[in-house]
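Engineer: Please find the sequence and the predicted model below.
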Amino acid sequence: MALTVAVQMDPIQAIRIAGDTTFSLLLEAQARGHQLLHYTPDRLTMRDGRVTAPVEPLRVQDVEGAHASLGAPERLDLSQVDVVLMRQDPPFDMAYITATHMLERIHPATLVVNNPSEVRNAPEKLFVTHFPELMPPTLITRDKAEIEAFRAEHGAVVMKPLHGHGGAAVLRVLPEDPNFGSMVDLFSATFREPWVVQRFLPRITEGDKRIILVDGEPLGAVNRVPAANDIRSNMVRGGTGGATALTPREREICAAIGPELKRRGLILVGIDVIDGNLTEINVTSPTGIRAIKRLGGPDLAVAVWNAIEARVTKPQAA
């Protein structure tokens, strides 16, 4: 059955398709005969309870620089489409949260992927704290005294803003670090949210594994190794991806969280695991599908669309 699929994303003309998961999803949708419509989140509108956007018909091809062809925009009531892919990049700020409230008005009659209310309720670095037994020791606070006590107990730590993304402002703080006070001052002046402080995991040098779960099932992974003199493994920060398989511990982690992801209607999720420790559960716009395929793994866009089509043709509780 051909579906009408609207994708809410950052401008498609500006993406780098080589590593873009949204683009993989669009290629697979088009190959299945689904009609694609494109709009950016700043054009999302609600008037008298109706959620609309000026959508542009979209065709895609796997050619960098000529990857998207857009038709003339036409304002459309999004309750008239079958699926909305909510795929804009973070930051997870009030604009992002507002978009989830608006899309919640049409879901699940129009299937929004991922479930907008659960995206709102599951910020990457907070949702993961539902599973403390799978995590490294973790503190969330703006209280300098609490951070100092945590450092005294655990030694070297990593500090990052609670709603940061893409490896931005991730810092390693040494046990006796003369820059600690300045770091706290800088964070206080720059970020309004609390900070995440975690025990430093030295084996980050061996990789930070991104595992993709589709409808709660782990289907592929990529091991991201930081560049020299960096602790950040994000590929946008210079990390290098390598083929990998799941360890028994990683399968244990996936088995523990998978049912909850499925229950919440979080169809496409990327988790981050360092040395057997779960550090983040990414639900907003998780990436990794193209890297996994490029490294010889399965094309997980196929599994994602199988899950979406199953829900559209046989609606489930969201």
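Structural biologist: Received the coordinates, thanks.
Engineer: Counting neighbours, what do you get for residue 42?
Structural biologist: Look at residue 42: counted by other CB atoms under 10 Å, it has 12 neighbours. Glycine gets a C-beta too; all of them are placed from N, C-alpha and C.
Engineer: which residues does it contact?
Structural biologist: By CB atoms under 8 Å, 6 or more residues apart in numbering, the residues touching residue 42 are residue 95.
Engineer: For residue 28, see how far away it is.
Structural biologist: According to CB to CB, to the nearest Å, residue 42 and residue 28 sit 26 Å apart.
Engineer: Kindly report the same for residue 81.
Structural biologist: For residue 81, the distance to residue 28 equals 17 Å [CB to CB].
Engineer: Can you pull the domain assignment for the chain?
Structural biologist: 4-121, 137-199, 203-298 (the TED database).
Engineer: May I see the buried residues of the helix or strand residue 118 falls within?
Structural biologist: Residue 118 belongs to helix 116-121 when assigned by DSSP states H and E. Neighbour counts over helix 116-121 (16 or more other CB atoms under 10 Å) mark 116, 117, 118, 119, 120 as buried.
Engineer: Out of those residues, which comes closest to residue 24?
Structural biologist: Closest approach to residue 24 among the buried residues of helix 116-121 (CB to CB): residue 119, at 19.5 Å.
Engineer: Tell me which residues touch that closest one, please.
Structural biologist: Shown in contact with residue 119 (CB under 8 Å, 6+ apart): 86, 100, 266, 283, 284.
Engineer: mind checking pLDDT for it?
Structural biologist: At residue 119, the pLDDT value in this model is 97.
Engineer: Report the residue spans of this protein with pLDDT below the cut-off.
Structural biologist: Residue ranges of the chain with pLDDT under 70: 235-237, 314-318.
Engineer: what's the longest strand in it?
Structural biologist: strand 50-60 (DSSP state E).
Engineer: Show me what that strand is packed against.
Structural biologist: With contacts defined as 3 or more CB pairs under 8 Å, 6 or more residues apart in numbering; DSSP states H and E, strand 50-60 has these neighbours: strand 4-8, helix 21-31, strand 35-39, strand 45-47, strand 68-70, strand 74-77.
Engineer: at 7 Å what do you get?
Structural biologist: Contact here means 3 or more CB pairs under 7 Å, 6 or more residues apart in numbering; DSSP states H and E; on that basis strand 50-60 packs against helix 21-31, strand 35-39, strand 68-70, strand 74-77.
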